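[1] how does the following fold in three dimensions:
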Amino acid sequence: MQNTIKSKVSFTGVGLHSGTPAKVTILPASAEHGIWFKRSDIDFGDALIAAHWEAVNQTPLCTKIENRSDVSVSTIEHIMAALAGCGIHNALIEIDGPEVPILDGSAAPFVRGILGKGVQALDAPVRAIEILKPVEVRVGEAWARLEPGKALQIRFHIDFDDAAIGVQEKTLNMGNGSFVRELCDSRTFCRQADVETMQSNGLALGGTLENAVVVDGAKVLSPGGMRHVDEAVRHKMLDALGDLALAGAPVLGAYVGHRAGHAVTNSLLRKLFATPDAFRMVVCDAQTAAQLPGFGVHMGEVPAVA
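    Coordinates of the predicted model:
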């Protein structure tokens, strides 16, 4: 069955790139509503933006969606990952600014808020996107692929010169709450040299050592160090789940990424939907629904560090 959140929950903070304060509120929605954002600070014109792959305005550092009136919301990947990872299919997300707050740099605050309010089952079946044949995109050294599979699996590989990150690879079946247990508390990360460059170009204005893992060579500059030895690749998997959630339905198949970012994953979805024989929409029976991200997840599964 489709799900929504039982009652509204709000979060406040600043945007990672804009540094702009914002309040975001997740509200319940009816079956077949899907996920939509609403800019509550927009007084005239269309303030609604679909959380959908076609609405993505590709940018290298975050996922940004916009509507035909050029109203946009950026850095939506963490809240989208939290919704997908908690099994929420329908919600209205109100926000009074252009960027979703970064909070602690992970999806865990959103997960805690959602699970704290509870998940409400709706009287409608869940439809999923079943991958029938491999689809792949490559951009330079980065690539991502979707392959057939009975449930969503994410496999990710990264390779950084900084010894604090280095080469990392991880594979997870995303069913039965593994996102909440294994990925949701993993924070966005960057190199100190990149922070300086971004801030000189008017980006990462809300970034601090408290809401991102900042590394410099072999050193981790953020207080407390890493939450996981492989926190960086875990966060890339978190981002991938959030970006895949823009498909409009859960994916039944394997996502494989190598150095892939937000734009690559969005390009992969665009190629998938431009290849009609590569997928089909299916109605999930009870057995399939039990393999979807978020099925049966509860607050006790959220990592204590979050």
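
[2] tell me the contacts of the residue nearest to residue 106 when sequence neighbours are not counted?
    For residue 106, ignoring the flanking residues on the chain, the nearest one in space by CB to CB, 6 or more residues apart in numbering is residue 187 at 4.6 Å. C-beta coordinates here come from the backbone N, C-alpha and C atoms, glycine included. Residue 187 makes contacts with 104, 105, 106, 211, 212, 213, 222, 227, 231, 235, as judged by CB atoms under 8 Å, 6 or more residues apart in numbering.

[3] residue 169 contacts residue 233, doesn't it?
    Yes. At 6.5 Å, residue 169 counts as touching residue 233 under the criterion of CB atoms under 8 Å.

[4] who has more neighbours out of these two?
    Legend: neighbour count by other CB atoms under 10 Å for residue 169 and residue 233, higher for residue 233 (23 against 12).

[5] tell me, how many residues neighbour the closest residue to residue 136 other than its chain neighbours?
    Counting by CB to CB, 6+ apart, the nearest residue to residue 136 once its immediate chain neighbours are dropped is residue 145, at 4.1 Å. Look at residue 145: counted by other CB under 10 Å, it has 19 neighbours.

[6] tell me what residue 256 is bridged to.
    residue 145, residue 155 (DSSP bridges).

[7] isn't it up against residue 155?
    Yes. Residue 256 is within contact range of residue 155, at 4.8 Å (criterion: CB under 8 Å).

[8] now do the helices in the chain.
    Under the criterion DSSP state H, the chain contains helices at 77-85, 108-117, 178, 192-200, 231-244, 262-273, 286-289.

[9] pick the most buried one from those.
    The highest average neighbour count among those, using mean count of other CB atoms under 10 Å, belongs to helix 77-85 at a mean of 28.

[10] mind giving me the packing neighbours of that helix?
    Applying 3 or more CB pairs under 8 Å, 6 or more residues apart in numbering; DSSP states H and E, one finds that helix 77-85 makes contact with strand 21-28, helix 108-117, helix 231-244.

[11] ok, now which ones touch the residue nearest to residue 241 when sequence neighbours are not counted?
    Closest residue in space to residue 241, ignoring its immediate chain neighbours: residue 81 at 4.6 Å, by CB to CB, 6+ apart. By CB under 8 Å, 6+ apart, the residues touching residue 81 are 107, 179, 183, 184, 238, 239, 241, 242, 245.
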